[in-house]
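Engineer: how does the following fold in three dimensions:
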Amino acid sequence: MNKCAELEIQEMLPDLLHRRLDSGARARVEIHVAGCAECAEDLKVLRTVKSAAVFIPSIDVDRVVQQIPPYRPIAPVTQAPARSRVVSWLVAASLAVVTLGGGSLLMVQQKPSFTQSGTGSALPSGTHSLALGTGVDGLSDNNLRQLMTDMNSFDALPAAEVEPVLSVDNTDSLVQGTR
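Structural biologist: Okay, the predicted model is just below:
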């Protein structure tokens, strides 16, 4: 820019070009530019630059903002409160008591029917005397004799030849099936 003594007028030249001055200031700047060659040259350069510049279209910010959906806060996920260890142990103990108590009641209600066998022992029909699972203190003399007889009939050792548990198919059924 040229050296003009009126710095205030030089600073108002872009405003004059863009028509942002009120009528009083505009008249004052135009009168000065008409008499000052330096300011007239500066105004000519500003007009050349303005006409040569390719302006990007302006963005209507208000319209863009109106297109944004309103903020809706996401409802927080509510989680069930964590159980304390004491509550977990109480639940486990309750389940154990109910299970054991129910099993005991079922066993008491399902008493086996005892029949008199030929030896005089009161045992369930078709069972060995060892199947009683109780101590020998409560057995009568006849029951003890039956127990001793049954124990003598047991084999102490397992059979020498073990039967195969699985039979393995050694044929190549997968290979034959794919051919």
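Engineer: quick check, pLDDT for residue 37.
Structural biologist: pLDDT recorded at residue 37 is 91.
Engineer: the chain: helices as residue ranges?
Structural biologist: Along the chain, the segments classed as helices by DSSP state H run 7-17, 23-35, 37-52, 61-67, 85-109, 141-153, 173-178.
Engineer: will you turn these into JSON lines that also has mean neighbour count and distance to residue 77?
Structural biologist: Where C-beta positions appear, they are placed from N, C-alpha and C, glycine not excepted. Shown next, in JSON lines, are the helices of the chain (neighbours: other CB atoms under 10 Å; distance: least, CB to CB, whole Å):
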{"stretch": "helix 7-17", "mean neighbour count": "16", "distance to residue 77": "57"}
{"stretch": "helix 23-35", "mean neighbour count": "13", "distance to residue 77": "62"}
{"stretch": "helix 37-52", "mean neighbour count": "13", "distance to residue 77": "57"}
{"stretch": "helix 61-67", "mean neighbour count": "8", "distance to residue 77": "29"}
{"stretch": "helix 85-109", "mean neighbour count": "10", "distance to residue 77": "22"}
{"stretch": "helix 141-153", "mean neighbour count": "13", "distance to residue 77": "66"}
{"stretch": "helix 173-178", "mean neighbour count": "8", "distance to residue 77": "50"}
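Engineer: okay, those in JSON lines with distance to residue 73 next?
Structural biologist: Formatted as JSON lines, these follow (distance: least, CB to CB, whole Å):
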{"stretch": "helix 7-17", "distance to residue 73": "46"}
{"stretch": "helix 23-35", "distance to residue 73": "51"}
{"stretch": "helix 37-52", "distance to residue 73": "48"}
{"stretch": "helix 61-67", "distance to residue 73": "19"}
{"stretch": "helix 85-109", "distance to residue 73": "33"}
{"stretch": "helix 141-153", "distance to residue 73": "79"}
{"stretch": "helix 173-178", "distance to residue 73": "60"}
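Engineer: assess the claim that residue 38 and residue 6 are in contact.
Structural biologist: No - here residue 38 lies out of contact with residue 6, judged by CB atoms under 8 Å, at a distance of 9.4 Å.
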